[in-house]
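[1] Output the structure for:
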Amino acid sequence: MLRRAAVVPAILLCMQGPARAGAHEESKDTGTLISWLLEDGRDMSEIPFPVVLAATTGKNIIPIDPEADHVWLARLGKVLDKVLGDLNSPSHGIHGAGRINEASRFIEDQLRLELNQEQGWKCMVPCTANGEEQRSGYPDLRLVLENGNVVYLDPKLYEDDSRNSTLRTFYFEPKTNTNKVHDDARHLLVAIRHNGKTSADLRLLGWELVDVSRIFVRLKAEFQASNHEMYRKDNVVAEGTPKP
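    This next block holds a predicted model:
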């Protein structure tokens, strides 16, 4: 059986794609990866997310230093207090959202608005490698502090009683063209707890800042194809229609 330590580099090289690995090396690493997946249950866990991000983007996650970063963290905390207070106002548009997933956009927009009110700070939607703003995908926001340091922010909503849920709630799909991480930077999940209600009954209960440099992720392999890919004309070897 392939050892996990030997497979990690192969996985990361496969994720990097042909721009970083030659065709021969890529094919070899892909074969190594598939062999491991078949032998080891098609699952890989406890991968440090900073390792994945560095391998796929070339950028490093800078760990939060509570002592050195406490000033701007305190400012960010005050902003979040205000954001949640504003969002809990019955007149805010978030209470018109029919599903909790729709509420996420209101949180992101309100947070960006308030962060841009802070003197010396600038917050925007990160651009892809093509220079286009993209709302979907990790991370959601790019904050530039007054000293030029970059902090990536990714707001996440979770229901109050689901804190210990084992369902997957953090996703990262490495792609060269849509990569939104272009700086060595600090990364924070902005975790916002809610009461599980929607529309007028929605209540945001509190926030937490999670240092992404401490997160471990897992890879679950899944070979997939779309209808467009499966039902191409040159794939079809026979067809018919029912008789009336």
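
[2] ok, now which ones touch the residue positioned nearest the centre of the chain?
    Nearest to the geometric centre of the chain sits Tyr138, at 3.2 Å (CA atoms, centre = their mean). The contact partners of Tyr138, taken as CB atoms under 8 Å, 6 or more residues apart in numbering, are 154, 171-173, 180-181. (C-beta placed from N, C-alpha, C; glycine too.)

[3] same thing but at 10 Å, please
    By CB atoms under 10 Å, 6 or more residues apart in numbering, the contact set of Tyr138 is 49, 53, 126, 152, 154, 170-174, 179-181, 187, 189, 212.

[4] Identify each of the helices in this structure and give its residue range.
    Secondary structure of the chain (DSSP state H): helices at 4-16, 23-39, 49-57, 70-87, 100-115, 227-230.

[5] Which strands or helices does the third one pack on?
    Read it as helix 49-57. With contacts defined as 3 or more CB pairs under 10 Å, 6 or more residues apart in numbering; DSSP states H and E, helix 49-57 has these neighbours: helix 4-16, strand 186-194, strand 216-220.

[6] Quickly, which of those bottoms out on average pLDDT?
    Comparing mean pLDDT across those, the lowest value falls on helix 4-16: a mean of 48.

[7] surely Lys156 meets Thr169?
    Yes. With contact taken as CB atoms under 10 Å, Lys156 and Thr169 are classed as touching, separated by 6.8 Å.

[8] any shared contact partners between these two?
    189, 191.

[9] if we can go back for a sec, report the separation between the residue nearest to the centre of the chain and Asp160.
    For Tyr138, the distance to Asp160 under the criterion CB to CB, to the nearest Å works out to 24 Å.

[10] Check Asp81 too.
    From Asp81 to Asp160 the distance is 18 Å (CB to CB).

[11] Now for the residue lying closest to Thr198 once chain neighbours are set aside: which residues touch it?
    What sits nearest to Thr198 in space, not counting adjacent residues and going by CB to CB, 6 or more residues apart in numbering, is Ile100, at 5.8 Å. Ile100 makes contact with 157-159, 194, 196-198, 202, according to CB under 10 Å, 6+ apart.

[12] Let me have those residues in CSV, extended by neighbour count and distance to Gly96.
    Written out in CSV, the entries for these read as follows (neighbours: other CB atoms under 10 Å; distance: CB to CB, whole Å):
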residue, neighbour count, distance to Gly96
Leu157, 17, 16
Tyr158, 16, 21
Glu159, 14, 20
His194, 22, 15
Gly196, 15, 18
Lys197, 12, 13
Thr198, 18, 10
Leu202, 21, 10
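
[13] The residue nearest to His92 when sequence neighbours are not counted: how many residues sit nearby?
    Ranked by CB to CB, 6+ apart and with sequence neighbours excluded, the top spatial neighbour of His92 is Asp86, at 6.3 Å. One way to gauge burial is a neighbour count; for Asp86, by other CB atoms under 10 Å, it gives 16.
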